[in-house]
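S.K.: model this:
(2 chains)
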2 protein chains.
Amino acid sequence: MITHLRYRAEPWRLREDGLDLEVLPQSESLFALSNGHLGWRGNLDEGEPNGLPGTYLNGVYEEHPLPHAEAGYGVPECGQTVVNVTNGKLFRLLVDDEPFDIRTGTLHHHERVLDLRTGLLHRTVEWTSPAGTRIRVRTRRLVSLTQRAVAAVEYEVELIEGDEDAGEGLARIVLQSELAANEPMPPPSPDPRAASVLTDPLESQDASVAGTRLRLQHRTKGSGLRVAAACDHEVTGPDGIRIAAEAGGDLARLTAVARLGEGERLRCVKTVAYAWSGQRSLPALHDEVDAALTEAQVSGWEGLCAEQRDYLADFWERADVEVEGDAEIQHAVRFALFHVLQAGARAEERPIPAKGLTGSGYSGHSFWDTEVFVLPVLTYTLPRAAAQVLRWRRKTLPEAMERAEYLGLAGAAFPWRTINGRECSTYWPAGTAAFHVNAGIADAAVRYAECTGDADFERETGLELLVPTARLWRRLGHTGDDGAFHIDGVTGPDEYSAVANDNTYTNLMAQANLRAAAAVVRRHPVAAAKLGAGETEAAAWDAAADAMAVPYDEKLGVHEQHAGFTRQADWDFESTGPEEYPLMLHHPYFDLYRSQVVKQADLVLAQWLRGECFTAKQRARDFAYYERLTVRDSSLSACCQAVAAADAGHPELAYDYLGESAAMDLGDLQHNTRDGLHLAALAGTWPALVAGFGGMRRRGPELRFAPRLPGALRSLAFSITVFGRRLRVAVRPDEATYTLVSGEPLGIHHYGKPLTLTGDAPQTCAIPPLEPRERPRQPPGRAPEQRRR
Amino acid sequence: MITHLRYRAEPWRLREDGLDLEVLPQSESLFALSNGHLGWRGNLDEGEPNGLPGTYLNGVYEEHPLPHAEAGYGVPECGQTVVNVTNGKLFRLLVDDEPFDIRTGTLHHHERVLDLRTGLLHRTVEWTSPAGTRIRVRTRRLVSLTQRAVAAVEYEVELIEGDEDAGEGLARIVLQSELAANEPMPPPSPDPRAASVLTDPLESQDASVAGTRLRLQHRTKGSGLRVAAACDHEVTGPDGIRIAAEAGGDLARLTAVARLGEGERLRCVKTVAYAWSGQRSLPALHDEVDAALTEAQVSGWEGLCAEQRDYLADFWERADVEVEGDAEIQHAVRFALFHVLQAGARAEERPIPAKGLTGSGYSGHSFWDTEVFVLPVLTYTLPRAAAQVLRWRRKTLPEAMERAEYLGLAGAAFPWRTINGRECSTYWPAGTAAFHVNAGIADAAVRYAECTGDADFERETGLELLVPTARLWRRLGHTGDDGAFHIDGVTGPDEYSAVANDNTYTNLMAQANLRAAAAVVRRHPVAAAKLGAGETEAAAWDAAADAMAVPYDEKLGVHEQHAGFTRQADWDFESTGPEEYPLMLHHPYFDLYRSQVVKQADLVLAQWLRGECFTAKQRARDFAYYERLTVRDSSLSACCQAVAAADAGHPELAYDYLGESAAMDLGDLQHNTRDGLHLAALAGTWPALVAGFGGMRRRGPELRFAPRLPGALRSLAFSITVFGRRLRVAVRPDEATYTLVSGEPLGIHHYGKPLTLTGDAPQTCAIPPLEPRERPRQPPGRAPEQRRR
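M.R.: Residues are numbered from 1 along each chain as shown, chains lettered A, B, ... in the order given. Coordinates of the predicted model:
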């Protein structure tokens, strides 16, 4: 799974031995640190070489015109792109006047370790300068999960051996700690999934020095957002260290000059704080970063590390997934959970972008991925983070309602891709027409409210999201002559189909949206009345839901991805060579759209999220049908197929898909991890295990399990937080043990059999044997890699 | 119909009385002169004021990158835009140092007349300068139909009354005749149908003066095309005229200085020649323009006028359409034929753009309009011009075959919009997916070959166009489980539907394309073998044609525009206000695409071009069904609806549609005549009369007529050239007379009754009475304006 020789998967750490510049850009994403508010890519401390310099503040973006060769009504003209803000992690080091740069001199040792329990990124380097001075550099870096605005670096340089010719056994060391804005960026990539990288997005507003404290303040030119960065330093080492500081324009710099004898060390702890606002003034932001810095300095480096460790210990206690029998999967699921946590922990009414804050891929935009792939994990492990993201959606309701009105619709039309709540998608067949994003948001709100019982949330955020999304569906669809409610001309999750009628996923998710809205309006009539919603509208929503069209091919006995899908021409897989994937980079959309070829789980995703609408037999039959059409050119597919394969009685196939999903970034399967991690695919490893091998399904207050392990795994154990309880499920090949860790007794189902969990004792149930089934086939060359059994 | 008070429709002239700056841009299009190779917009001689300066050479374009916010495979990245080349029609006049500008001083009289029989644009102006000098300016302008590279202007200024204060009865006149490149252009329009206007597209290569001859040579910066312009002058007037000439950079100028007494005249005849090439050298182009100039000067002004008159006399003898009972229609059809002639006469292996050479609308691109709307008229009136356009398509086969391969298809995929043969359309649902352009080209080639019996053409151009287009269809479609041949995911003529399955127009036109290709391969086996085509492939084409799917709604008893169309939601016409048209500027495409709303004739066009595939009853029923859905937001629609209405037994409705089509530019119905004339709509007035009220249909060698006039018309007569014969058809309310003007005897049908025409005598047949039928309804507010009866 980890395809690069230099990465080593340890249960709680990602370790890189040596340094390969070829994979440096990917490693910057893998080693990124973030708390959801502030993100630092894993760039080398000295800034260069780099793949993509990256420092991000959630919500800081630049606006720019979206170019169109041919304009069209409803196509956005203003884009948003995440900005690489002031880099506070930068340390330049000069050794006897020679810049420390791993591309020069001799690199004896280079090791980076991301510790998932401490949240620290460690680096150790041993290097001899071209002039012959040998040093060891040790750094540790954190982005605080407890102090939202704060990150810190401990930088230590030790003289191992002085320049022999000089013969003194001494070295002159100059360490420059910087804040640097408008870093030079790499040239733009032709890959449409990469970002439109902006050059020099920031204009200087202020630069100042106070002792060892540096401050820079900038503003984005178009969107007019102020960004303040400040840092302070604690420098220790041998006597005679001289320190100077200066600031101006795009650069603030503290310089420490020292002479080190062999075995002596110069150490600098740099605490960095950020603040940004579209409204607050320059002095207000100054005060904000100063306050954050001072608080962080009160904690001190050790204090920040301790807080980080405690925060993570609590998280792992609630969220850890233990896997026996596959060390790579064990590592990967923890790596994934760590990054999901990093993306969501402190997002706080801001979006979770598709790449988190690990890169500028997809321009830093958020998509439906957040609600459908990331929030389920957070809901069961860190519920307050899920609520915060949904509150962000609620804050953007004015933009979504304006968009719906502009499109001639009703209610709210949430954007396909956005940072500030306004639509940025210019390719409408896979943007505007992908209305299912609205149902995904509604589903996430219902999930959060049901799992937590948070009635305040349901009455406020839940109701406010459900009512306008239901209104959208009601207006978007129409009742046909056949009496069915049809939603025509929309695009489902599969981006190799578009603008089709009655996309089954969309229709079933809309159906749930409509029913949930009706229910919540009835539960909260007073709050609903303020939105102008009442029983009449609720009844109309229920009626539309009841009449919802679900296209089914009677002849083939399978559900259609959309009306007419199974009648479409087959894609000529036999003539499609491996170099033609991903297909969208080698074939025109018109040809993909009209063929039976599936980029990513669509109907199969509907079967997972709305499983109750299908019989088990139908799900198995549908899964086999779509399996032979699905090429997985999207990183979102493998995890869904893992869940569906497990559900359809193919645990070994599910295991292979789990492996693929888990390797998406660690193995750079999409060749674009350099632009940032695939957060949804990372998040997807959790349901692949929990919903796949754990067989967990929830419908309202009902929790069902049907666990079954693939042959290679000796055990799987996971914890969830739900209905105010903490539950631990441990699955072994022949039996599963359910433990109520905390909370009131709870009834669950094991393979359809009801049992009640109490705090008294775990309950162990046998897993029924599996009838052997024929393994479904994938398109030629597109089967997932088989994991060693 | 002519809505502006200043325009007057005379049988053979378009006259404008006075000058209204509001409609100056439109008038520049209406008064444009062209021979298909060279086009001069009807800009005022003195250059300013203007709406859009325009001098065009067919095929001279600039390349520019096409911007994309989100890239996609197959979306062109390089665009083409027609270039406003060197203006040779410019005369600046100074009267006692005061520039002659109709915005200053007093305009006593302003008249422009376009004479359709002489091909001259006349202008007469009487003006008093701010200083009190009164002059009369008379100009005549032509773009030669006989000498392709040549245009000429006669400019005459007469002193009526000298400045009274000066008291001399004399005026100092300075006349500057110019060649001017890179004229200042108006700011770009936000209307997507307008052009992307380029600023300063030309770079100077050479400028020279030889006596009264001026020359400028330029090159387009990106496409690297050389453009040479030259002019020579004959200046006459009172004694003492002084002449100077100079040239440099973007300007060459001849200045004539004279003193005019009252009643005296200064006259300048300016002969202008153009040449351009992507390959030939600067001296070669110099020689080319000098040769053209010298030849034109041998003819002299009067000689050029005589040649023009003779050319047009011949054209009108073959092509005139006489209408009694509606002077506006009489004028409009001649105006339309004149502009169709101007666009096609000397295009000579170059495209006919959607706007001809009358403006830069649609960036000067050619569309399917050319083959489907313009070539039918030319085929029956000026067949060699039709052949020349098809030879242009043949020349672009390498680009079309490359495009097909790039799209993963076979054969040739001709571009949706282009100047040089490469695709420029960036909105693929209405570009790439509109594959029907290929069938339109094939249809035009078959029509030309069948109507002229030109076997050489059929074996060369015909075969070479038919074989690769048939190959495209064979690969584009697939045989479904139902045994039918389906063409999925394509866009038909109606641009309010897109990417649909089995568009009836496309399928029926592809069917004809396949059959014609099979037939021509069998007729020319040796030539076909060189293209690798033989009986096996021909049989496969026939089989696909025979199995072609034609969607039909059994329940409603109507054909579907595409599979599933009649099941789509109704457009909410009741809630659509008049200000919401054209709908594409006020509603998103996704909503239009999924609704039953039709921009322009689509199924109804299929019924015209492939009428034999429907019964008369079906056509009437289908027409009525689509009539209530068709909003005519395209200028291409009214003429098709006129033909279909006549066919369905609604001559009065047809008459209204004829009126609309005829007024498209004269009444500026689309509000964009400023960017150039709607050539296809102009061309469409001819079939509205000939195929509509003449009821003419041809299928192979079979010519059928079913004439019937609307109540307001007393007679209609038209001539056609077909099968080597000249035919004249005269229709009166109760009878029709068929005259074989020249050629061998010919069998035709009148209302299904066969009759043989010989040169001996005309044959007159009675027109059967019409059963009254209910007039079909249009969407609210979208009925065509009712013409006075």
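
S.K.: ok, which stretches of the stretch 451-600 of chain A are strands?
M.R.: For the stretch 451-600 of chain A, the strands defined by DSSP state E, counting those that start in this stretch occupy A:478-479, A:485-486, A:552-553, A:558-559, A:569-570, A:595-596.

S.K.: can you list these in a markdown table and add mean neighbour count, mean pLDDT and distance to residue A:469?
M.R.: In short, each C-beta sits where N, CA and C put it, glycine included. Listed next are the strands of the stretch 451-600 of chain A as a markdown table, based on neighbours: other CB atoms under 10 Å in any protein chain shown; pLDDT from 0 to 100; distance: least, CB to CB, whole Å:
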| stretch | mean neighbour count | mean pLDDT | distance to residue A:469 |
| --- | --- | --- | --- |
| strand A:478-479 | 16 | 96 | 18 |
| strand A:485-486 | 23 | 98 | 16 |
| strand A:552-553 | 16 | 98 | 26 |
| strand A:558-559 | 22 | 98 | 24 |
| strand A:569-570 | 16 | 94 | 35 |
| strand A:595-596 | 21 | 97 | 30 |
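
S.K.: Show the contacting residues for the residue lying closest to residue A:751 once chain neighbours are set aside.
M.R.: Spatial nearest neighbour of residue A:751, excluding adjacent residues (CB to CB, 6 or more residues apart in numbering or on different chains): residue A:706 at 5.2 Å. Taking CB atoms under 8 Å, 6 or more residues apart in numbering or on different chains as the criterion, residue A:706 is in contact with A:695, A:697, A:750-752.

S.K.: coming back round to it: possible to save the strands of the stretch 451-600 of chain A as JSON lines with distance to chain B?
M.R.: Output for these, formatted as JSON lines (distance: least, CB to the nearest CB, whole Å):
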{"stretch": "strand A:478-479", "distance to chain B": "4"}
{"stretch": "strand A:485-486", "distance to chain B": "8"}
{"stretch": "strand A:552-553", "distance to chain B": "10"}
{"stretch": "strand A:558-559", "distance to chain B": "14"}
{"stretch": "strand A:569-570", "distance to chain B": "4"}
{"stretch": "strand A:595-596", "distance to chain B": "8"}
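
S.K.: Which among the ones you listed is found nearest to residue A:673?
M.R.: With CB to CB as the measure, strand A:595-596 is the member of these nearest residue A:673 (29.1 Å).

S.K.: strands paired with that closest one, and their directions?
M.R.: Based on DSSP bridges, the pairing partners of strand A:595-596 within the sheet are strand A:569-570 (parallel).

S.K.: Can you convert the strands of the stretch 451-600 of chain A into JSON lines and add a column each for distance to residue A:399?
M.R.: Rendered in JSON lines, the data for the strands of the stretch 451-600 of chain A read as follows (distance: least, CB to CB, whole Å):
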{"stretch": "strand A:478-479", "distance to residue A:399": "26"}
{"stretch": "strand A:485-486", "distance to residue A:399": "27"}
{"stretch": "strand A:552-553", "distance to residue A:399": "37"}
{"stretch": "strand A:558-559", "distance to residue A:399": "34"}
{"stretch": "strand A:569-570", "distance to residue A:399": "40"}
{"stretch": "strand A:595-596", "distance to residue A:399": "36"}
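
S.K.: thinking again about what came up before, drop anything exposed from the contacts of residue A:706.
M.R.: Burial of the contacts of residue A:706 was assessed by neighbour count (16 or more other CB atoms under 10 Å in any protein chain shown); the buried members are A:695, A:697, A:750.

S.K.: helix or strand for the closest residue to the second one other than its chain neighbours, which one?
M.R.: On the basis of CB to CB, 6+ apart, the spatially nearest residue to residue A:697 that is not a chain neighbour turns out to be residue A:704, at 4.8 Å. Under the criterion DSSP states H and E, the helix or strand holding residue A:704 is strand A:702-705.

S.K.: tell me which residues of that strand are tucked away?
M.R.: Applying 16+ other CB under 10 Å to strand A:702-705 flags A:703-705 as buried.

S.K.: helices or strands next to it in the packing?
M.R.: With contacts taken as 3 or more CB pairs under 8 Å, 6 or more residues apart in numbering or on different chains; DSSP states H and E, strand A:702-705 sits against strand A:697-699, strand A:746-750.

S.K.: For the nearest residue to residue A:591 once chain neighbours are set aside, give me the pLDDT.
M.R.: The shortest distance from residue A:591 to any non-neighbouring residue, by CB to CB, 6+ apart, is to residue B:408 (5.8 Å). The model reports residue B:408 with a pLDDT of 96.

S.K.: try residue A:5
M.R.: What the model reports as pLDDT for residue A:5 is 61.

S.K.: Check the one 5 residues further on too.
M.R.: At residue A:10, the predicted lDDT confidence score is 92.

S.K.: Next one: it from residue A:331, what distance?
M.R.: Residue A:10 sits at a distance of 6 Å from residue A:331 (criterion: CB to CB, to the nearest Å).

S.K.: Also residue A:19?
M.R.: 21 Å.

S.K.: Check residue A:298 too.
M.R.: Note on residue A:298: its distance to residue A:331, by CB to CB, is 36 Å.

S.K.: So if I had to pick from those two, which one is more boxed in?
M.R.: For residue A:298 and residue A:331, the more surrounded residue by other CB atoms under 10 Å in any protein chain shown is residue A:331, and the numbers stand at 25 against 8.

S.K.: With adjacent residues omitted, what lies nearest to the more buried one?
M.R.: Using CB to CB, 6+ apart and skipping residues adjacent in sequence, the residue nearest residue A:331 is residue A:9, 3.6 Å away.

S.K.: longest helix anywhere in chain A?
M.R.: When chain A is parsed with DSSP state H, its longest helix is helix A:282-319.

S.K.: Where does residue A:740 sit: helix, strand or coil?
M.R.: Secondary structure, DSSP: H, G, I helix; E, B strand; the rest coil: residue A:740 is strand.

S.K.: go on, residue A:371?
M.R.: Secondary structure for residue A:371, judged by three-state DSSP, is helix.

S.K.: residues contacting it?
M.R.: Neighbour list for residue A:371: A:389-390, A:393, A:437, A:440-441, A:443-444 [criterion: CB under 8 Å, 6+ apart].

S.K.: And the pLDDT for it?
M.R.: Listed pLDDT for residue A:371 reads 98.

S.K.: and it, how far is that from residue B:15?
M.R.: 67 Å.

S.K.: wouldn't residue A:301 be in contact with residue A:155 here?
M.R.: No. Assessed by CB atoms under 8 Å, residue A:301 is found out of contact with residue A:155, at 10.9 Å.

S.K.: Name the residues contacting each of these two.
M.R.: Taking CB under 8 Å, 6+ apart as the contact rule, the neighbours common to residue A:301 and residue A:155 are residue A:269.

S.K.: The two: who's more crowded?
M.R.: In this comparison of residue A:301 against residue A:155, neighbours counted by other CB under 10 Å, the higher total goes to residue A:155 at 25 against 19.

S.K.: so what's that one bridging to?
M.R.: According to DSSP bridges, beta-bridge pairing links residue A:155 with residue A:139, residue A:268.

S.K.: The residue of the stretch 301-450 of chain A found nearest chain B: what secondary structure?
M.R.: Nearest residue of the stretch 301-450 of chain A to chain B (CB to the nearest CB) works out as residue A:426 at 4.0 Å. Using three-state DSSP as the criterion, the local structure at residue A:426 reads coil.

S.K.: Who are the contact partners of it?
M.R.: By CB under 8 Å, 6+ apart, the residues touching residue A:426 are A:66, A:68, A:75-76, A:79, B:68-70.
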